[in-house]
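Q: Give me a 3D structure for the following:
(chains A and B)
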Amino acid sequence: MSDVATRVKQVVAETLEIDASQIGDTDRFVEDLGAESIQSVELVAAFEEEFDIDMDSEGALGVKAIDGAVDFIAKAVAEQHPG
Amino acid sequence: MPDIAYLPLSPAQIDTLGAAGCMAADWSRVQVTPNFNPEHVVRVQFAGEIRLGNCDGQVAGSNGLSKPAGIYDAYIANCTVGDGVRIARIGSHLSGYRIGDGACIEDVGVLQADSESTFGNGVQVETLNEGGGREVTLFNELSAQFAYLQCLVRWRPRLVEKLAHLADQEVKSARSDRGTIGRQATICSVARIENVNLGDSTAVRGAISLVNGTILSCAEAPTVVGAGVIAEDFIIAEGSRVTEGAILGKSFVGQACQIGKQFSAEGSLFFANCEGFHGEACSVFAGPYTVTHHKSTLLIAGLLSFYNAGSGTNQSNHMYKLGPVHEGKLERGCKTGSFSYLMWPCRVGPFSVVLGKHTRTFDTRDFPFSHIEAKANGRCEMVPGLYLSTVGTVRDGQKWPARDRRTAPNRRDLIDFDVFSPLTVGRMLRGTARLKELMKTTDRSVKVVTIEGAEVRRVLLRTGVKYYRAGIEMYLLERLISRVERAREAGNQNLANCLSVDSQAIFSGEWIDLAGQLMPQDRFETLCARIETGQIDSIHDLQKKLTEIHSCYEKDEWAWTVWAYQQHFGREVSSMTTDDLKAAAKAWQGVRTKFLKLILNDASKEFESVTQTGFGIDPEPSQREADFIGVRGTYEENKFVQQIEEEIAEVARRVEAI
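A: Numbers count the residues shown, from 1 in each chain, chains lettered A, B, ... in the order given. Prediction:
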C-alpha cells in the first residue's frame, strides 16, 4: 500500500472516528464508512492539512471513495509539491 | 363616507316598515337617503340614531351568490348603513357601526362597537422579551422598521420616548365612538365581533370571536379572516389570511401574511409575507418572510426574518430564575432543522442552519452561512461558511422577491432582499479576520477551538477562510462589473466617472438589518437622531425618511463596496484602468463560475443513488431508479440545474462584453 493510501486511511479514521484497519481500499465514504455530508468537508480540510495541499472544492467533493481520494491527493501533491 | 343628506322617514315609509314587522323606539331617529326603499326592510328593530342607505340592488354574498340588499331579521342600534347593503339574521344586535356601500352581513351573533374604542390600536405587545421592556405599540400603520426601532433600540431613552409619542398620535387618530365596516366587506356566520374595524373588501367567514382589533383591507388586497378564528387585541393588515382556527392574542399580522391551521400567537408581530401554520408563537418578532408550517413548533422570544422553522423547532427563554427574560436572534435567512432546540440567549449569524439540541449559549453573528449543529453534550459545533455555495441559499435568494404577495398600494415594510450585501459580506470580512487570527495562534495539536461559545474544528478554520474569501471576492467583483455594465447602458463610458461614489451615498463600515431593510450604521444613527430631536415628528415623516433611505440602498452599497474592495484586494477602485477592469472581470468569471459549479455539485447530490433509497417498491429494486426519474426527473432536465448552467454561460458573455 502506498504511503499516500496509508495516510489517507489514517486521516479518514481520525475524522470519522473509526478503526483504520477496518477501512478498505475501495470503501465509499458515505455508503460504506458512514460519512455525513458535513464530514466530507472536514475530510477535505484534514487531507489539505495532512498533505499540505490546496484541494479544489468542486473536484474534491466529487471524490466518493478511498481509492478516488488517494488518486486525487497523489495528483495534487505532485502538482503542488513537484520533486 | 361622503356627506349625505338624510331625510326623516315619511309616514308612508313608516307604514310600510310597520307592515313588514319593523319597530323603532322612536321613528324620528331613523333617517334615510332620498332613494330609500322600505320594501327591503323586514322584521327589524331600530334603536338610537339610525341612518339608512337605499336598501336596493344586489349584494355579492360570501359564497359568491348574488342576494338582494336590504335589512332582514335584525336589531340595529346607532348605525349608519350605506347603499346596497345586505344585513340579515343578526342573532343579538348590531350596534355602533358605519357600514360601507355594498357590504354583506349575515348570520352574526353580536356585532358591536362601544362608545369609545381604538380598535386594537394602542395595544402594547411584549415582543421579543416575554418579561417586558421591549413593548411595541400596535397601530394601523405599524411597519417592521418602526417595530424594530421601538423594540430593539432601548439604549436611547429619548428615542424610546419619541417613538412612543409617534405611536400615540396614531392611536389617538384611531379612537372613535363608531366602528367601521368597509365597502364590499362580507361578514357571515360569525359569533361575536366587538370593537373591530373592518376595511373595504374584508371577508370574515365563520370566525368565532374577534375583539378589539382592526382588519385593514382594500379592494386591491382583500383580507380574509376564516372559520374558527379567535382574535383579541390585534391588527391584521391588507392582503393577509387568518383562517382555520387560528388564535391571536395581542398580536400584529402584517401585509400578505398567512396564519392558519390552528396556529396560535401571543404577544407576537408578523411582518410582510410571514406564514404560520399548526404551531405556536409567543413574544416573537417575526420579520418579513418568517415561515413556520409544522406542528409542535414553538417559536418564543426570538427576533427572526427570512426564517424557516423545521418541524418541532423549539426555544426556551427562562431558567426558573427571574422569569422569562432571555431572548435570542436568528439573523436573516436562518433555518432550524427538525426538532432543533435553542436555549436562549443565543445569536445565530445570517443564513445559517441550526440542527440539534443546543443547551449552551453561543454567538455566531460574524460567521454567516454557517452550519450550527449541537453535539451530544449540547455544545454548539460550527462549520463556518458551509452554506455559501449550497442550492438552498441560492434558491432562497431567488424565491423571496418572487414570492412577495403584497398587492396593497402602500407596502409598509421596506425590504432589501439581497443575500450578499454589505451586511453579510461585512460579517464575512470580520469572520475571516477572526479565523485567520485563530489559525495563527492555535497549535496543530489542538483539535477544537471555541469562538463565542461555538466550537470549530481547527482544520476547518482554513476551510472557513477559503469559503469566505470566495464569497467576498465574488460579491465585490460582481458589484464592480454590474456597476460598469449599468453605467455603460446609461451611456456613461468614462470609467472613472462610473466607478466614483455618488454624492448622496453614505458610507459606514457597519450595516444594520432593520427587520428587512438594510442600511449603513450612519444612516441609522442620523435617523434615530432626527426622531429624537423632533425633526421626524409623525409616522408619515418616518415612513418617508425610511423610503428615502431605501431608495439610496444601491448608492450606499457602492460606497461600501469601494471601501471593502480596497480592504480586501488592496486596490483603489477609483484608480482602475480599463485593463484592470478586464482583469477583474476575468477574476469574477473564475470565482463566479467556480461558485456556480459548486452549486451544481450540491444539486447533483439530490440525484445520487443514496438519494434514491426511498424510491421504488419491493421486491423490484430495478425499478428504483426509474421510479426516481419518474418522480424527480433527471439532473440534466432539472430546471434549476439548467438555470445555473445558463448563468455560467451568461457570466462568460458578460465578461466578454466588458
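Q: what kind of secondary structure is residue 34 in?
A: Assuming you mean chain A. Recorded secondary structure, A:Gly34: coil (DSSP: H, G, I helix; E, B strand; the rest coil).
Q: Chain B, not that one
A: B:Pro34 falls in the coil class when you classify it by three-state DSSP.
Q: Which parts of the chain are helices?
A: Using chain A here. For chain A, helices defined by DSSP state H occupy the ranges A:3-16, A:37-51, A:57-61, A:66-80.
Q: you looked at the wrong chain, it should be chain B
A: B:11-19, B:144-152, B:157-174, B:391-402, B:422-441, B:459-489, B:495-499, B:521-532, B:539-551, B:553-569, B:578-604, B:623-632, B:639-657.
Q: Just give me how far the shortest one sits from the chain centre.
A: Averaging C-alpha positions (Cα atoms, centre = their mean, to the nearest Å) puts helix B:495-499 37 Å from its chain's average.
Q: Show me the shaky parts of chain B.
A: Within chain B, the stretches with pLDDT under 70 are B:1-2, B:62, B:619.
Q: how about the residues of it near chain A?
A: Neighbours of chain A within chain B, by Cβ under 8 Å from any Cβ of the partner chain: B:371, B:373, B:383, B:386, B:389, B:444, B:457, B:459-460, B:462-463, B:466, B:594, B:597-598, B:601, B:605, B:610. No exception for glycine: its C-beta is placed from N, CA and C like everyone else's.
Q: Which among those count as buried?
A: Burial by neighbour count, 16 or more other Cβ atoms under 10 Å in any protein chain shown: within the residues of chain B next to chain A this picks out B:371, B:373, B:383, B:386, B:389, B:457, B:459-460, B:462-463, B:466, B:594, B:597-598, B:601.
Q: List just the nearest of the residues you listed to B:Ile506.
A: B:Ser389 (31.2 Å; Cβ to Cβ).
Q: Spatially nearest residue to B:Lys605 (excluding sequence neighbours)?
A: B:Thr611 (6.8 Å; Cβ to Cβ, 6 or more residues apart in numbering or on different chains).
Q: coming back round to it: with distance to B:Thr432 as extra columns, can I get the helices of chain A in TSV?
A: Shown next, in TSV, are those (distance: least, Cβ to Cβ, whole Å):
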stretch	distance to B:Thr432
helix A:3-16	24
helix A:37-51	16
helix A:57-61	17
helix A:66-80	23
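Q: need those helices in a markdown table with mean pLDDT, can you?
A: Below are these laid out as a markdown table (pLDDT from 0 to 100):
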| stretch | mean pLDDT |
| --- | --- |
| helix A:3-16 | 94 |
| helix A:37-51 | 90 |
| helix A:57-61 | 79 |
| helix A:66-80 | 93 |
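Q: residues near B:Ala657, how many?
A: Residues lying near B:Ala657 (other Cβ atoms under 10 Å in any protein chain shown) number 11.
Q: That one and chain A: what is the separation?
A: B:Ala657 is 26 Å from chain A, where distance means Cβ to the nearest Cβ, to the nearest Å.
Q: Who are the contact partners of that residue?
A: If you count contacts by Cβ atoms under 8 Å, 6 or more residues apart in numbering or on different chains, B:Ala657 has them with B:Glu485.
Q: cool, and A:Ala13?
A: Neighbour list for A:Ala13: A:Asp19, A:Ala20, A:Ile23 [criterion: Cβ under 8 Å, 6+ apart].
Q: What residues of stretch B:506-521 count as buried?
A: B:506-508, B:511-520.
Q: next one: stretch B:29-40
A: Neighbour-count burial for stretch B:29-40 flags B:Arg29, B:Val30, B:Gln31, B:Val32, B:Thr33, B:Phe36, B:Asn37, B:Pro38, B:His40 (criterion: 16+ other Cβ under 10 Å).
Q: what do you get for stretch B:371-381?
A: B:His371, B:Ile372, B:Glu373, B:Ala374, B:Arg379, B:Cys380, B:Glu381.
Q: Out of those residues, the closest to chain A would be?
A: B:His371 (5.9 Å; Cβ to the nearest Cβ).
Q: That closest one: what's it in contact with?
A: For B:His371, the contact set (Cβ under 8 Å, 6+ apart) comprises A:Ile38, B:Ser352, B:Val353, B:Leu355, B:Met382, B:Val383, B:Leu386, B:Tyr387.
Q: Please list the residues of chain A that sit near chain B.
A: Near chain B, when you scan chain A using Cβ under 8 Å from any Cβ, you find A:30-31, A:37-38, A:41-42, A:44-46, A:48-49, A:57-58, A:61-62.
Q: Could you tell me how many residues sit around residue 22?
A: Here I'm looking at chain A. 11.
Q: if you could check chain B rather than the one you did, that'd help
A: 20.
Q: what residues are up against it?
A: Contact partners of B:Cys22, counting by Cβ under 8 Å, 6+ apart, are B:Val41, B:Val42, B:Arg43, B:Val44, B:Gln45, B:Phe46.
Q: didn't the third one look like it was pressed against B:Asp73?
A: The reference is to B:Arg43. Yes. Using Cβ atoms under 8 Å, B:Arg43 is in contact with B:Asp73, at 5.0 Å.
Q: quick one, phi psi at the one residue in the stretch 151-300 of chain B that gets nearest to chain A?
A: Residue nearest to chain A within the stretch 151-300 of chain B (Cβ to the nearest Cβ): B:His294, separated by 22.4 Å. Phi and psi for B:His294, reported as degrees, to the nearest 10, are phi -120, psi 160.
Q: wait, it sits on B:Phe277?
A: Yes. With contact defined as Cβ under 8 Å, B:His294 counts as touching B:Phe277 (7.5 Å).
Q: So which of these two has more stuff around it?
A: For the pair B:His294 and B:Phe277, the greater number of neighbours falls to B:Phe277 (19 against 15), based on other Cβ under 10 Å.
Q: any idea how far that one is from B:Ile50?
A: 42 Å (Cβ to Cβ, to the nearest Å).
Q: now B:Gly431
A: To B:Ile50, B:Gly431 is 67 Å away according to Cβ to Cβ.
Q: If you count surrounding residues, which of those two has more?
A: With neighbours defined as other Cβ under 10 Å, B:Gly431 and B:Ile50 compare such that B:Gly431 has more, 27 against 22.
Q: since we're on whatever residue of chain A ends up closest to chain B, how many residues are nearby?
A: Going by Cβ to the nearest Cβ, chain B is nearest to A:Ala45 of chain A, at 4.1 Å. A:Ala45 has 24 neighbours, counted by other Cβ under 10 Å.
Q: same thing with B:Glu220?
A: For B:Glu220, the tally of surrounding residues (other Cβ under 10 Å) stands at 13.
Q: what's the distance between it and B:Phe607?
A: B:Glu220 sits 42 Å away from B:Phe607, going by Cβ to Cβ.
Q: what does A:Pro82 give?
A: Using Cβ to Cβ, A:Pro82 is found at 37 Å from B:Phe607.
Q: Also B:Gly84?
A: Note on B:Gly84: its distance to B:Phe607, by Cβ to Cβ, is 59 Å.
Q: circling back: neighbour count: A:Pro82 and B:Phe607, which is higher?
A: Neighbours were tallied for A:Pro82 and for B:Phe607 using other Cβ under 10 Å; the higher tally belongs to B:Phe607 (18 against 6).
Q: Sweet, I'm off.
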